[in-house]
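> Based on what follows, work out the 3D shape:
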Amino acid sequence: MEKYLLPHSSLEISRLIFGCWAVVGGFNWGPQDKRDSLAALKEAYDQGITTFDTAEAYGAGASENLLAEALGKERKRIEIASKVGPGDFLPQDLISACERGLKNLKTDFIDLYQLHWPNPEIPLEDTLGALQQLRDQGKIRAYGVSNFGVKSLETCKASGYSISSNQMAYNLLFRAIEYSILPKCVADEVPILCYSPIMQGLLTGKFSSEIEVPDDRARTRHFTKERSQSRHQDKGCETLTFQTIGQIKAFAEEVNIPMGNLSLAWLLKQNGVAAPIVGGRNAEQVRRNMGTLQVNLTADMVNRLEEITAPLKKELGPNADLWQTDSRVV
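Residues are numbered from 1 along each chain as shown. Next comes the predicted model:
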């Protein structure tokens, strides 16, 4: 497994990161067998993934608990990335949240601690100062952000504190960060960690039409605002989304690469991307995702995928919030 050195740190992460949200089930994931969750985590490690992304918000600490149970014995050989929610951005609250995370994870330190979403109500400089304090104390090795737009990134840069990453929604069906956030991150040497890299299964060909997508997976701005769990006011672009999926699927068949692996390999070719964060609810899903490492895309293949998805990129525009018209990515 190739490694990526995060800036302003000695932290090397694996180029594929295992995302630990879906393994807790619930919310829009549905029922989940704990035995499958533990098997998925162990399989990811056995297949060469060493970096695991979690958050206290995932199952109210259940995700962190699962990770500790599955891989606690491998603690010295894995990197744990966790996140603190915007409600805990006051310095004293952030420090308390980190202590809870350490307890849930049964560890003395977190490798990468990330601010989950911006909180304009609390001075970002104060929050970053608390992160630096935790780093100075050895409770975290590096810190980053998630869902931070250009304005917040500028504040980070001006603060004098050095962030090591920005975790963003990024995939072939959602390229909003390419308008301004990705160029900003590249210029400032802030690598992107990509969440939702296969769009909750849309980029595996799991669904052949919008009708097949259940409401709990149709919350994004790709779908009409009439969906029951929608939080946006957009009209959606369901027809264009599935036309695009159909073209990606046809291209995947043409080049004889599984659609999900093709989509992940495209991300690995993007300038500024450190790693996609890939889930897996059982060991077999993990094994399928690992096939990505055998894919070698040519420049022509990368360009073709970008041509296919350009109309959808234009339709969705630069709002990097997958779920809301009034973007929280600031």
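> which residue of this structure sits farthest from its center?
Relative to the centre of the chain, the most outlying C-alpha is that of E254, 28.4 Å out, by CA atoms, centre = their mean.
> ok, and for the helix or strand that residue falls within, which residues are buried?
Here E254, judged by DSSP states H and E, is contained in helix 238-255. For helix 238-255, a neighbour-count test (16 or more other CB atoms under 10 Å) marks E238, T241, F242, T244, I245, Q247, I248, K249, F251, A252 as buried. (Glycine included, C-beta is placed from N, CA and C.)
> can you list contacts of that helix?
Contacts to helix 238-255, defined as CB atoms under 8 Å, 6 or more residues apart in numbering, come from residues 172-173, 202-203, 205, 207-210, 222-224, 258-259, 262-263, 301, 304-305, 308-309, 311-312, 315.
> show me where the stretch 151-300 of the chain has strands.
For the stretch 151-300 of the chain, the strands defined by DSSP state E, counting those that start in this stretch cover 166-169, 192-195, 273-278.
> okay, those strands in JSON lines with distance to T127 and mean pLDDT next?
Compiled in JSON lines, the strands of the stretch 151-300 of the chain are given as follows (distance: least, CB to CB, whole Å; pLDDT from 0 to 100):
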{"stretch": "strand 166-169", "distance to T127": "15", "mean pLDDT": "98"}
{"stretch": "strand 192-195", "distance to T127": "19", "mean pLDDT": "98"}
{"stretch": "strand 273-278", "distance to T127": "22", "mean pLDDT": "98"}
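> Mind putting those strands into CSV with mean neighbour count and distance to L102?
Shown next, in CSV, are these (neighbours: other CB atoms under 10 Å; distance: least, CB to CB, whole Å):
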stretch, mean neighbour count, distance to L102
strand 166-169, 25, 20
strand 192-195, 24, 21
strand 273-278, 25, 21
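> Select, out of those, the one closest to D46.
Relative to D46, the nearest member of these by CB to CB is strand 273-278, separated by 15.1 Å.
> what lines up beside that closest one in the sheet?
Strand 273-278 has its sheet partners listed here by DSSP bridges as strand 17-19 (parallel), strand 192-195 (parallel).
> now these as JSON lines including distance to D321?
As requested, the strands paired with strand 273-278 are exported to JSON lines (distance: least, CB to CB, whole Å):
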{"stretch": "strand 17-19", "distance to D321": "19"}
{"stretch": "strand 192-195", "distance to D321": "13"}
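> ranges for the helices of the stretch 51-200 of the chain?
62-71, 91-105, 124-136, 150-159, 181-188 (DSSP state H, counting those that start in this stretch).
> Touching the second one from outside, list them.
Applying CB under 8 Å, 6+ apart, the set of residues contacting helix 91-105 from outside is 54, 56, 61, 64-65, 67-68, 80, 82, 84-85, 87-88, 108-110, 113, 126-127, 129-131, 133-134, 139-140.
> Low-confidence bits of the stretch 101-250 of the chain, can you list those?
With pLDDT under 70 as the threshold, the stretch 101-250 of the chain has no low-confidence stretch at all.
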